[in-house]
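[1] I would like to see how this sequence folds:
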Amino acid sequence: MSHKSVKARVCWLKAEEGGRPSPPPGPKYSTVAKFEDEKDTWLTEAWSLILEFSGAPDESLCITTDVSFLSEEGPMRLLHSGSQFELYEGRRLVARGEVL
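    Model (predicted):
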């Protein structure tokens, strides 16, 4: 990975919860993230994350993955241990994650 990455646990919402029909197949996936630390400014300062999967989600649709910013200028301060984020496809919430 060219950008600094961290480990995160990401849990995909089920389709009936408004999420995707199924988790993305990978091995890479990128979309917009809303960080709990900056939830009030995320519409004006949105950052995209890249997730790199090394396996498939478990029965609860959760997976531990490498996470990095799509942009090299991404604020690494948001990827601290315990940082919580949500992943969106357009306006649709598709997953929630936490940096490990």
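[2] so what's the residue most central in space within the chain up against?
    Nearest residue to the geometric centre of the chain (C-alpha atoms, centre = their mean): L87, 4.9 Å. Going by C-beta atoms under 8 Å, 6 or more residues apart in numbering, L87 touches 10, 31-33, 49, 93-97. Every residue, glycine included, has its C-beta placed from N, CA and C.
[3] Need the three-state assignment for the residue of the chain positioned farthest from its centre.
    The C-alpha centroid of the chain is most remote from E16, which lies 19.7 Å away (C-alpha atoms, centre = their mean). Judged by DSSP: H, G, I helix; E, B strand; the rest coil, the three-state class of E16 is helix.
[4] any idea how far the residue nearest to the centre of the chain is from L61?
    12 Å (C-beta to C-beta, to the nearest Å).
[5] Strands along this structure, start to end?
    Applying DSSP state E to the chain gives strands spanning 6-12, 28-35, 47-52, 62-69, 84-89, 92-99.
[6] mind checking which of the ones you listed is nearest R77?
    When the strands of the chain are compared by C-beta to C-beta, strand 28-35 sits nearest R77, at 9.8 Å.
[7] and that closest one, what other elements does it pack with?
    Helices and strands touching strand 28-35, by 3 or more C-beta pairs under 8 Å, 6 or more residues apart in numbering; DSSP states H and E, are strand 47-52, strand 84-89.
[8] Give me the angle between that strand and strand 92-99.
    Between the axis of strand 28-35 and that of strand 92-99 there is an angle of 80 degrees, by axes from the mean of the first three to the mean of the last three C-alpha atoms, to 10 degrees.
[9] Quick one: the helices and strands packed on strand 28-35 as a markdown table, columns for distance to P23 and mean pLDDT too.
    As requested, those are exported to a markdown table (distance: least, C-beta to C-beta, whole Å; pLDDT from 0 to 100):
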| stretch | distance to P23 | mean pLDDT |
| --- | --- | --- |
| strand 47-52 | 10 | 96 |
| strand 84-89 | 11 | 96 |
